[in-house]
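Asks: Fold the following, please.
(2 chains)
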Amino acid sequence: MLGIGFALAAAVCYGASTVVVGRAVKAATPTTVALVTLLSGAVLIVVVSATGWLIDPGVTKVSLDGLPWVVVAALFMFVVGRLAYYSSIQRIGPSHSAALSATTTLATPLLAVLILGNGLPLTTWLGIVSTFAGIAILLSGKRN
Amino acid sequence: MSRYWPILVTVVAWSLGPIAIRAGLDRGFSPLTSSLVGTAVAVPVFLIMVRGAASPSRLGFAALAPMIVAGLFGTGGTLFNYLAIGSTNVAVAVAVANTHPVFTALFSKLTRSEEALTRRTWCGIAFVVAGLVLVSIEGL
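Replies: Predicted structure coming up:
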């Protein structure tokens, strides 16, 4: 139950963040909003990391081997992805953006089919169909 | 359709990013430090991009406050996500976390956001969330 509680807390936080960004991009460019949200989030990460390190130094592991991958991940997730997401919120609104962005979850099973030739269970296919149906509904609606 | 290209870029970037994250974690980085390093990489890029008119130093507190709050919520969500994945089955954690579009829509309505939340929007969100939950729980 604790894990589900944490996951629910994550969903609530993501939802709140997206809505607040929707207000923020009315007063500034997506680039500026991305920078400030990044900096404020960094303060929280530093506080949590420092606290975690005091309890268990292992939570702050680094490695040279992993560094290039972390840098690449940062460019995808923090720079390109975040900037594009905030631009999307500005253009089509928070709710549409949140729903459409959540479809990244489909990447793994679809890549497994396309690249690895894996079969997928029926529930997964039903889920994929339902998700695309939802996308089609959202894209077919008018935006205010 | 041109207004949808940013979200398409988002989906592609956020689909590829976790692959690189996984590679970094497998090679010895912890989630917290990968987030820290990621921030350290991204901040200079954005500082270059916001020179001049778009600089946050030109904005008042009323404009900056929502951004600060959004950043705290977003990072808080990521931290809770890590805790969830560490506390339960990954598929369950992902399935529950993927309900965030519902909360986005609810908060939009509660805060009287200008975004139009028609029945079509709610229907689309419901289909997307249900679909993602079905995709995620297969891992159970």
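
Asks: only C-alpha atoms for contact and neighbour calcs from this point on.
Replies: Fine.

Asks: which residues touch the closest residue to A:Ala11 other than its chain neighbours?
Replies: Distances taken as Cα to Cα, 6 or more residues apart in numbering or on different chains place B:His100 nearest to A:Ala11, at 4.3 Å, with adjacent residues excluded. Shown in contact with B:His100 (Cα atoms under 8 Å, 6 or more residues apart in numbering or on different chains): A:Ala10, A:Ala11, A:Val12, A:Tyr14, A:Gly15, A:Ala98.

Asks: how about a markdown table for those, with neighbour count added?
Replies: Below are the contacts of B:His100 laid out as a markdown table (neighbours: other Cα atoms under 10 Å in any protein chain shown):
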| residue | neighbour count |
| --- | --- |
| A:Ala10 | 31 |
| A:Ala11 | 29 |
| A:Val12 | 23 |
| A:Tyr14 | 29 |
| A:Gly15 | 29 |
| A:Ala98 | 27 |
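
Asks: Just to be careful, could you list which of those are in helices?
Replies: Assigned to helices by DSSP state H, the following of the contacts of B:His100 qualify: A:Ala10, A:Ala11, A:Val12, A:Tyr14, A:Gly15, A:Ala98.

Asks: separation between the fifth one and A:Trp125?
Replies: When distance is defined by Cα to Cα, to the nearest Å, A:Gly15 is 26 Å away from A:Trp125.

Asks: do the second one as well
Replies: Here A:Ala11 is placed at a distance of 24 Å from A:Trp125 (Cα to Cα).

Asks: again with A:Ala28
Replies: Counting by Cα to Cα, the gap from A:Ala28 to A:Trp125 is 41 Å.

Asks: cool, and A:Val19?
Replies: Distance from A:Val19 to A:Trp125, by Cα to Cα: 31 Å.

Asks: Name the nearest residue to B:Val129, sequence neighbours excluded.
Replies: Nearest non-adjacent residue to B:Val129, counting by Cα to Cα, 6+ apart: B:Thr99, 5.8 Å away.

Asks: who touches that neighbour in this structure?
Replies: Applying Cα under 8 Å, 6+ apart to B:Thr99 gives the contacts A:Ala11, B:Val129, B:Val133.

Asks: Buried residues, the helix ranked longest in chain B. List them.
Replies: Ranked by residue count, the top helix of chain B under DSSP H comes out as helix B:61-87. For helix B:61-87, a neighbour-count test (16 or more other Cα atoms under 10 Å in any protein chain shown) marks B:63-64, B:66-85, B:87 as buried.

Asks: what does stretch B:17-25 give?
Replies: Going by neighbour count (16+ other Cα under 10 Å), the buried part of stretch B:17-25 is B:Gly17, B:Pro18, B:Ala20, B:Ile21, B:Arg22, B:Ala23, B:Gly24, B:Leu25.

Asks: residue ranges of the strands in chain A, please?
Replies: Taking DSSP state E as the test, none of chain A falls into strands.

Asks: Show the model's pLDDT score for the residue nearest to A:Ala11.
Replies: For B:His100, the pLDDT comes out at 89.

Asks: any idea how far A:Ala73 is from it?
Replies: 22 Å.

Asks: Next, the residue nearest to B:Val129: phi, psi?
Replies: Note on B:Thr99: backbone dihedrals following degrees, to the nearest 10 are phi -80, psi 10.

Asks: how much space between it and A:Ser87?
Replies: According to Cα to Cα, B:Thr99 and A:Ser87 sit 22 Å apart.

Asks: mind listing what the nearest residue to B:Gly71 once chain neighbours are set aside touches?
Replies: Using Cα to Cα, 6+ apart and skipping residues adjacent in sequence, the residue nearest B:Gly71 is A:Thr37, 3.8 Å away. By Cα under 8 Å, 6+ apart, the contact set of A:Thr37 is B:Met67, B:Ile68, B:Val69, B:Ala70, B:Gly71, B:Leu72.
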